[in-house]
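1. only the shape, not the letters, is given here:
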């Protein structure tokens, strides 16, 4: 028994170590991808910054230009921009590595849900950044430069401008994930489309509040973020009505139930074959509530039987043997 337990513990330790090694390898690949992307983009750092600053420079008065306050800003600012751009552009590959690590431990119905959400999340994030650059930036910078008082020259620091646009890129990229969040809430059964529709007034107000926190302190940026969030919520609500979370829940329960039933009917070999059909690699599965209660009942029953046996022994001692 002790040898078997040691063998099982050793197997678990080796499996955990193999997972750590795989995680290290995939993290290393992710870092290498970012470094390669940076190496490719860095020679074009100045043209890239010129492109990013275009929405502002097109609205500057004639003869005005951007400035660099710090001594190292002409080098560090394009450097920071290219580094962040390399991370953004390699996001699909980074998510692929992450997916390759966690996918073997997922059931088929979980994979069917996760893959479309990952792809749509990346596309919506890129769409949010494009919306910010082509729609929001021209309106915001055009308004700012048009209300400049007389005698004031607009000379924006290149580093502060980069921080400003990065904040807006991130805010609009995250805001465009609203449809994914809405569909995920409905798919997992946490809420229903009717409940979300009844909360529409609160969601609209919440969109403006989020826009107030994620955007600079101006009304234009707040409105330009809140309105797309509201529209995207309606889009997510529309598609969530086409989703049947009951079927997804039944498929999940059937998947888990078939594994338990196969283990009870055919033994460990049948359970292993079912696990291999459902999961790419057999991994630890936590016990369900019903299984946990049954296990506790068995333990309590065994303890009760042992207590009753000991009590009977104390009440009925053996009579001394007569000569």
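-> Noted; the coordinates are in hand. Because the structure is a prediction, the values reported are computed rather than measured.
2. show me where the stretch 1-150 of the chain has its helices.
-> Here the stretch 1-150 of the chain has its helices, by DSSP state H, counting those that start in this stretch, at 2-41, 45-52, 54-57, 73-89, 91-102, 108-131, 137-146.
3. indicate which one of those is closest to residue 156.
-> Nearest of the helices of the stretch 1-150 of the chain to residue 156, taken as Cβ to Cβ: helix 54-57 at 6.4 Å. All C-beta atoms are positioned from the backbone trio N, CA, C, and that covers glycine.
4. mind listing what's buried along that closest one?
-> For helix 54-57, the neighbour count (16 or more other Cβ atoms under 10 Å) marks 55-56 as buried.
5. stretch 124-140 now?
-> Neighbour-count burial for stretch 124-140 [16+ other Cβ under 10 Å]: 124-129, 131-133, 136-137, 140.
6. quick one: which of the residues you listed is nearest to residue 226?
-> Closest to residue 226, out of all of the buried residues of stretch 124-140 and judged by Cβ to Cβ, is residue 136, at 11.9 Å.
7. tell me who's in contact with the closest one.
-> Going by Cβ atoms under 8 Å, 6 or more residues apart in numbering, residue 136 touches 168, 172, 221, 224-225.
8. same deal with residue 204?
-> Residue 204 touches 226, 230, counting by Cβ under 8 Å, 6+ apart.
9. what do you get for the one 10 residues further on?
-> Residue 214 makes contact with 167, 171, 174-175, 225 under the criterion Cβ under 8 Å, 6+ apart.
10. quick one: it from residue 134, how far?
-> Separation of residue 214 from residue 134 (Cβ to Cβ, to the nearest Å): 19 Å.
11. same check, this time on residue 97
-> In terms of Cβ to Cβ, residue 97 sits 31 Å off from residue 134.
12. what does residue 140 give?
-> 12 Å.
13. equivalent analysis for residue 78, please.
-> 22 Å.
14. equivalent analysis for residue 158, please.
-> For residue 158, the distance to residue 134 equals 21 Å [Cβ to Cβ].
15. do the same with residue 24
-> Distance of residue 24 to residue 134, given as Cβ to Cβ: 40 Å.
16. repeat for residue 126
-> Noted for residue 126: a distance of 12 Å to residue 134, by Cβ to Cβ.
17. before we move on, back to that, tabulate the contacts of residue 214 in CSV, adding columns for secondary structure, distance to residue 18 and pLDDT.
-> Shown next, in CSV, are those (DSSP: H, G, I helix; E, B strand; the rest coil; distance: Cβ to Cβ, whole Å; pLDDT from 0 to 100):
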residue, secondary structure, distance to residue 18, pLDDT
167, helix, 41, 89
171, helix, 40, 89
174, helix, 35, 89
175, helix, 40, 89
225, helix, 45, 87
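18. buried ones only from those residues, please, as a PyMOL command.
-> Here is the PyMOL command that selects the buried residues among those (16+ other Cβ under 10 Å):
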select buried, resi 171+174+175+225
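19. in TSV: the contacts of residue 214, plus distance to residue 29.
-> Compiled in TSV, the contacts of residue 214 are given as follows (distance: Cβ to Cβ, whole Å):
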residue	distance to residue 29
167	29
171	30
174	26
175	30
225	35
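20. ok, so of the contacts of residue 214, who is nearest residue 39?
-> Out of the contacts of residue 214, the member with the shortest distance to residue 39 (by Cβ to Cβ) is residue 167, at 26.5 Å.
21. what residue ranges in the stretch 201-323 of the chain score low on pLDDT?
-> By pLDDT under 70, the low-scoring segments of the stretch 201-323 of the chain are 244-289, 292, 301-323.
22. residue closest to the middle of this protein?
-> residue 118 (8.2 Å; Cα atoms, centre = their mean).
23. name the nearest residue to that residue, sequence neighbours excluded.
-> Excluding its sequence neighbours, the residue lying closest to residue 118 (Cβ to Cβ, 6 or more residues apart in numbering) is residue 95, at 5.6 Å.
24. and the pLDDT at the one you found?
-> If you check residue 95, the pLDDT there is 87.
25. next: residue 82.
-> Confidence at residue 82, expressed as pLDDT, is 95.
26. burial check on it, number of neighbours?
-> Residues lying near residue 82 (other Cβ atoms under 10 Å) number 22.
27. shouldn't it be in contact with residue 41?
-> Yes. Counting by Cβ atoms under 8 Å, residue 82 does reach residue 41; the two are 4.7 Å apart.
28. follow-up on the earlier one: out of the contacts of residue 136, flag the one nearest to residue 54.
-> residue 168 (14.4 Å).
29. and the gap between the nearest residue to that closest one once chain neighbours are set aside and residue 107?
-> Excluding the flanking residues, the one nearest residue 168 by Cβ to Cβ, 6+ apart is residue 132, at 5.1 Å. Distance of residue 132 to residue 107, given as Cβ to Cβ: 37 Å.
30. residue 36 too?
-> Relative to residue 107, and taking Cβ to Cβ, residue 36 is found at 34 Å.
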